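Asker: Sequence and computational prediction follow.
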Amino acid sequence: MSDTTAAAPNKPPTKLVIRNIGLLLSGDLDHSILDADTVVAVDGVIHAVGKEKDIDTTAATTTIDAKGTALAPGLIDSHVHPVCGDWTPRQNQLGWIDSCLHGGVTTMVSAGEVHTPGRPKDIVGLKAMAIFAQRAFQAFRPGGVKVYAGAPVLEQGMVEDDFTELAAAGVKFLGEVGLGSVKDGVTGRRMVAWARKYGIQSTIHTGGPSIPGSSLIDKDMVLETDADVVGHINGGHTALPDDQIVALCERSPRALEIVHNGNERAGLLALRTAKDLKQLHRVILGTDSPAGSGVQPLGILRMISMLSSLGEIPAEVAICLGTGNTAKMRSLNCGLIAPGREATFVFLDTAQQSAGKNLLDSIQKGDLPGIGMVITDGAVSIQRSRNTPPATRVPEVVRT
Ligand SMILES: [Zn+2]
């Protein structure tokens, strides 16, 4: 095994050992359950995954007894609309990101800081805002949550040099195409291609207008623009007609994002269509919050449970949609329990009094799991969640 240790100068490495894992949910759709009971991470990066007897667990700086609970990668919300700090003007709520951490979300991808009061729409202004948001959230991690923000919305008049400049400044994602003044496929496609050329990923708003002032984006514009992610294929909130959703699954090769704040029936249609096409690896999950529907600290967990129970996919597969699938589609180094990946985890167990026989069965029956601990970059962020129903068993820090 290659050594993934990268200790800072003059600082002894930190070694996290998680033992007694009852169920290891890898986040990888091809091998969603691993035959392993132990994970070791060094300096916030996963170093080894396997059976305790085969792994060097000595010299740990932190040891966690998982007490037989399940370990999964931290959940990823592929579609959020942050503004600044841990505040959203959409519902004038403080602490929403920290609250999502208590729903197991450890990574968020901005689909545009579009709720910013007085959001600049001129090109210098939108670039400045994107770079500010990217910098601010890189330095500010509420509870340890990593927010990939700084997602400019396309406006008429942008030229190739604007994308070069944004990429050089560290911008990695575009905000939803269609939320600015670019509302035609020809212009959208040209700008998305410039973004892609410089390593900036794109998402398109799909469906009816989300709030007064936004507009319909139909399947023809989605296909013509060819953004990397078909954003909220189930609408945010208003979905396209069923035949258009099926056409997008069939004809676009891009990621299919299902969101909490969309049409649930349309979300199930997209899931079933992707499953029939043997394209489940393209399905990723987001909340599209904060929004008119509020913020959903348990939104990704609720999607996993809804899609598993009503979409009839195994719970361990549904968990991959909100972890490894999103990480792969969005080129993030989290979302999988594998050597070299970020040591960011959520511990799950059956909620107390669930009718499910075990964790996976309880999710397949439509219940939410309980969260007993969340770890980000190798450090304990929270212990028992204040937001999920209580987990039956919770892990314990046995040595720090
Ligand atoms: Zn949208």
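Answerer: Perfect, thanks for sending it.
Asker: what does the helix or strand harbouring K127 rub up against?
Answerer: Assigned by DSSP states H and E, K127 belongs to helix 123-139. Helix 123-139 has contacts (C-beta atoms under 8 Å, 6 or more residues apart in numbering) with 82, 84-85, 110, 113, 116, 119-120, 147-153, 155, 157-158, 162, 165-166, 169-172, 180. Every residue, glycine included, has its C-beta placed from N, CA and C.
Asker: Show me just the buried residues among these.
Answerer: In these, burial by neighbour count holds for 82, 84, 110, 113, 116, 119, 147-153, 155, 158, 162, 166, 171-172, 180, counting by 16 or more other C-beta atoms under 10 Å.
Asker: Looking at those, which are in strands?
Answerer: In strands, judged by DSSP state E, the following of the buried ones among the contacts of helix 123-139 are found: S110, V147, Y148.
Asker: what's the closest of the residues you listed to the ion?
Answerer: For those, the closest approach to the ion (C-beta to the ion) belongs to S110, at 12.1 Å.
Asker: measure the residue nearest to I375 when sequence neighbours are not counted to the ion for me?
Answerer: Excluding the flanking residues, the one nearest I375 by C-beta to C-beta, 6 or more residues apart in numbering is F345, at 4.5 Å. Separation of F345 from the ion (C-beta to the ion, to the nearest Å): 30 Å.
Asker: which residues does F345 form a beta bridge with?
Answerer: P73, I375 (DSSP bridges).
Asker: what about the helix holding K127, average pLDDT?
Answerer: What helix 123-139 shows for mean pLDDT is 98.
Asker: ok, H205 touching V230?
Answerer: No - with contact defined as C-beta atoms under 8 Å, H205 does not reach V230; the gap is 9.8 Å.
Asker: Please say which of those two ends up with more neighbours.
Answerer: H205 (30 against 27; other C-beta atoms under 10 Å).
Asker: what about that one, distance to A193?
Answerer: Using C-beta to C-beta, to the nearest Å, we find H205 at a distance of 18 Å from A193.
Asker: Likewise for M129?
Answerer: Distance from M129 to A193, by C-beta to C-beta: 23 Å.
Asker: How about L34?
Answerer: 39 Å.
Asker: For stretch 253-262, measure first residue to last.
Answerer: 21 Å (C-alpha to C-alpha, to the nearest Å).
Asker: again, but for stretch 338-350
Answerer: 24 Å.
Asker: buried residues in it?
Answerer: Those would be A338, P339, R341, E342, A343, T344, F345, V346, F347, L348, D349, T350, for stretch 338-350 by 16+ other C-beta under 10 Å.
Asker: now the helix or strand hosting I245, how far from the chain's geometric center?
Answerer: In this assignment (DSSP H and E), I245 forms part of helix 242-251. Offset of helix 242-251 from its chain centre (C-alpha atoms, centre = their mean, to the nearest Å): 23 Å.
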